[in-house]
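[1] Following is a predicted model, sequence given first.
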Amino acid sequence: MQTFEIPVANLTIKLVIIPACLLIAGVVLWWAIPKFAIYLRVLTGREPRKPGTQTVHLVLGLFVYLLIFLPAVISIVILIEITTTPPSIVSGGGVVGGGGLLSSRKTIAWNEVTRADCLMTRGSHKISNVRLTAASKRIELGGGVELEPIHDFIWAHLPPPVTHPCTIPFRSSR
């Protein structure tokens with residue numbers, strides 16, 4: 001029986017995203033942690049407030065620091081997702097995907113699929129994304145790998161009313 005493994009991201013994508021996430025998190029944390037430590041000392045009363053600083057300024061400061069730390073948190077979550085999510089598996093029984101930090105692992109059997117779509121890249125017209133939808137689940141396959149044989153395998157296992165032709169995003173309809 002034929003089985004396909006589709007990673008969340010191929011090596012090239014990982015080589016770009018992982019350093020970018022580390023750079024964003026590193027710069028934000030390098031700049032913000034010393035300032036946040038001073039803020040916490042002022043907030044707890046271990047360091048005097050600057051003249052004219054009111055309690056409302058300290059409360060608003062907390063929201064400002066939440067906004068400052070947000071890019072670091074998001075980049076760390078992306079880093080963890082990319083490095084820990086197992087590959088999706090397409091087999092004769094159906095599709096298994098997901099399972100990272102933020103989502104649980106989902107299984108969709110062929111008889112559960114209610115819609116199958118795919119996207120193609122504009123220039124090369126290669127399939128870049130395949131999406132399978134069931135009643136309460138959705139699995140998307142992509143990751144920068146060759147999806148032609150996987151597309152053909154999936155479409156061979158599904159009835160024609162469920163499958164839809166591939167579309168090209170942002171294509172003008174003239």
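    Looks like it arrived, so ask away.
[2] Report the contact partners of the spatially closest residue to Pro48 that is not a sequence neighbour.
    In space, not counting the residues next to it along the chain, Pro48 is nearest to Val42; the distance is 7.5 Å by Cβ to Cβ, 6 or more residues apart in numbering. From N, CA and C alone the C-beta is placed, and that goes for glycine too. Val42 makes contact with 48-49, 53, 58 under the criterion Cβ atoms under 8 Å, 6 or more residues apart in numbering.
[3] quick one: pLDDT of Val42?
    With respect to pLDDT, Val42 has a value of 92.
[4] How is the protein partitioned into domains?
    Annotated domains of the chain cover 9-84, 88-157 [automatic domain parsing].
[5] and among these, the most buried is which?
    Using mean count of other Cβ atoms under 10 Å, the stretch among those with the largest mean neighbour count is domain 88-157, at a mean of 16.
[6] Please give the centre-to-centre distance between it and its chain.
    Counting by Cα atoms, centre = their mean, to the nearest Å, domain 88-157 is centred 15 Å from the centre of its parent chain.
[7] Not counting sequence-adjacent ones, nearest residue to the most centrally placed residue in the chain?
    Residue closest to the average C-alpha location in the chain (Cα atoms, centre = their mean): Ile78, at 6.3 Å. Of all residues not flanking Ile78 in the chain, Cys21 sits nearest, at 5.4 Å (Cβ to Cβ, 6+ apart).
[8] I'd assumed that neighbour was in a helix, is it?
    Yes - assessed by DSSP: H, G, I helix; E, B strand; the rest coil, Cys21 belongs to a helix.
[9] ok, back up a step: could you dump the domains of the chain into TSV with distance to Thr3 added?
    As requested, the domains of the chain are exported to TSV (distance: least, Cβ to Cβ, whole Å):
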stretch	distance to Thr3
domain 9-84	18
domain 88-157	4
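[10] For Ile168, which of those is the nearest?
    Across the domains of the chain, Ile168 has its closest neighbour in domain 88-157 (5.0 Å, Cβ to Cβ).
[11] Would you agree Tyr39 is in contact with Phe63?
    No - the criterion here is Cβ atoms under 8 Å, and Tyr39 misses it with Phe63 at 11.8 Å.
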